[in-house]
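*Asks:* no sequence for this one, just the structure:
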């Protein structure tokens with residue numbers, strides 16, 4: 001099976017969510033180092049994190065960087 005962008009996008013990665021002191025939210029994907037974002041609401045952070053994950057994976061595939069899978 002070819003592991004392309006769609007393959008990785010359909011995996012269930014571990015999301016960490018933290019509420020900041022100002023009420024905004026910080027989110028990151030644990031397995032994809034550096035894949036993170038911040039937003040005013042939980043809904044926005046999850047939406048933005050999906051965009052960040054897609055870009056992270058596109059860059060990793062283009063540069064032939066090893067992409068970890070969820071554990």
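*Replies:* Thanks, I have the structure now. Remember, it's a predicted structure, so these values are computed and weren't measured experimentally.
*Asks:* C-alpha from now on. contacts and neighbour counts both.
*Replies:* Noted.
*Asks:* which stretches of this protein aren't confidently modelled?
*Replies:* Residue ranges of the chain with pLDDT under 70: 1.
*Asks:* now the strands for it?
*Replies:* According to DSSP state E, the chain carries its strands in the segments 15-19, 25-29, 36-39.
*Asks:* Listing partners with orientation, what would you give for the last one?
*Replies:* Partner strands and pairing direction for strand 36-39 (DSSP bridges) are strand 25-29 (antiparallel).
*Asks:* Now the phi/psi pair for residue 23, please.
*Replies:* phi 90, psi -10 (degrees, to the nearest 10).
*Asks:* for residue 41, same thing?
*Replies:* According to degrees, to the nearest 10, residue 41 has phi -130, psi 160.
*Asks:* Can you report how many residues lie near it?
*Replies:* 14 (other CA atoms under 10 Å).
*Asks:* Mind jotting down where the helices sit in the chain?
*Replies:* 5-9, 42-62 (DSSP state H).
*Asks:* Could you provide those helices in TSV, with additional columns for distance to residue 21 and mean neighbour count?
*Replies:* Listed next are the helices of the chain as TSV, based on distance: least, CA to CA, whole Å; neighbours: other CA atoms under 10 Å:
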stretch	distance to residue 21	mean neighbour count
helix 5-9	31	13
helix 42-62	14	16
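*Asks:* How about the contacts made by the closest residue to residue 53 other than its chain neighbours?
*Replies:* Sequence neighbours aside, residue 35 is the residue nearest to residue 53 in space, at 6.3 Å (criterion: CA to CA, 6 or more residues apart in numbering). Going by CA atoms under 8 Å, 6 or more residues apart in numbering, residue 35 touches 28-29, 49, 52-53, 56.
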